[in-house]
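K.L.:
I would like to see how this sequence folds:
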Amino acid sequence: MKKNICFFIVMLALSACGILFWVEIDCREFKLDFENYWSSVDTGSVVVYLDDQGNENVYTLEFRRARHTSKYYSDTGCGCSDVAYMRFSNSVDTILLFKDSFYQYDNDEELLEEIYFYSKDQEVYLNTLDKIGTEDVEIGDVLLEKCIVFEKDLEDTLVKVYLSPNFGIVKYIDTEGVVWTIKELDSSNDEIVIGDFEYYEIICD
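P.N.:
Have a look, this model is predicted:
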């Protein structure tokens, strides 16, 4: 009983000093950042990549989802968070792009960007630390400027992924050193917006 009374007194004292506990905190609106470099094609659409020999690797967009923390309660371990992910796949391979931005109060956000490649015999994971800068990429007669580049140096090869705004992955080098380039750029590609995602919100308490 004494412990409870002491705890209550301490809480009152801290509150009197302007230190509040379990306060409801509103988060900003969902913010697109890494997603601006994702493909804006419709779910169910096909994206085709070609290697130097003309072989095709065909992927279908399965889904594009986003989750937003609209508010949270302090002193619970919670915070504001924007999570988004999208997945392309075929009978053999899967490409998953993932983003998580997290922050509390007015602190700077922590942004995590991830790219996964899965297949029968290989799995490659790249994240924010593997982002090396930007490069221009030519697709046919089109020059895509300032594509962001992720690069991972494996034991026997260098995996690289190039992403262009709204076109997503336009070029990548796999674990066997094969260069795959997107076959066509959709001329009707629109700027990606939150409405392109299966979107829902949560409260973290």
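K.L.:
note down every partner strand of the longest strand anywhere in the chain and its orientation.
P.N.:
Secondary structure of the chain read by DSSP state E shows that its longest strand is strand 56-73. In the sheet, strand 56-73 lines up against strand 24-26 (antiparallel), strand 46-50 (antiparallel), strand 80-89 (antiparallel), strand 198-204 (parallel) (DSSP bridges).
K.L.:
quick check: mean pLDDT of the third one?
P.N.:
Strand 80-89 shows an average pLDDT of 96 in the prediction.
K.L.:
still on that earlier bit, figure out which of the strands paired with strand 56-73 is closest to residue 182.
P.N.:
Of all the strands paired with strand 56-73, strand 46-50 sits nearest to residue 182, with 5.7 Å by C-beta to C-beta. (Glycine included, C-beta is placed from N, CA and C.)
K.L.:
what is the burial count for residue 36?
P.N.:
Residue 36: 14 surrounding residues under other C-beta atoms under 10 Å.
K.L.:
for it, give me the pLDDT.
P.N.:
At residue 36, the pLDDT value in this model is 92.
K.L.:
can I take it that it is in a helix?
P.N.:
Yes. Secondary structure of residue 36 (DSSP: H, G, I helix; E, B strand; the rest coil): part of a helix.
K.L.:
distance of it from residue 128?
P.N.:
15 Å (C-beta to C-beta, to the nearest Å).
K.L.:
could you do residue 53 as well?
P.N.:
Taking C-beta to C-beta, one finds residue 53 at 33 Å from residue 128.
K.L.:
who has more neighbours out of these two?
P.N.:
The neighbour comparison of residue 53 against residue 128 (other C-beta under 10 Å) goes to residue 128, with 13 against 6.
K.L.:
once you drop chain neighbours, what's closest to that one?
P.N.:
residue 113 (4.6 Å; C-beta to C-beta, 6 or more residues apart in numbering).
K.L.:
who are the packing partners of the helix or strand encompassing the one you found?
P.N.:
Assigned by DSSP states H and E, residue 113 belongs to strand 110-118. For strand 110-118, the helices and strands in contact under the criterion 3 or more C-beta pairs under 8 Å, 6 or more residues apart in numbering; DSSP states H and E are strand 94-103, strand 123-127.
K.L.:
then the shortest one to CSV, C-alphas only?
P.N.:
Only the C-alpha atoms of strand 123-127 are listed here, as CSV (Å, rounded to 0.1, in the frame of the first residue of the first chain):
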residue,chain,number,x,y,z
GLU,A,123,18.1,-15.2,-51.3
VAL,A,124,19.5,-11.7,-51.4
TYR,A,125,18.7,-8.9,-48.9
LEU,A,126,19.6,-5.3,-49.4
ASN,A,127,18.8,-2.4,-47.0
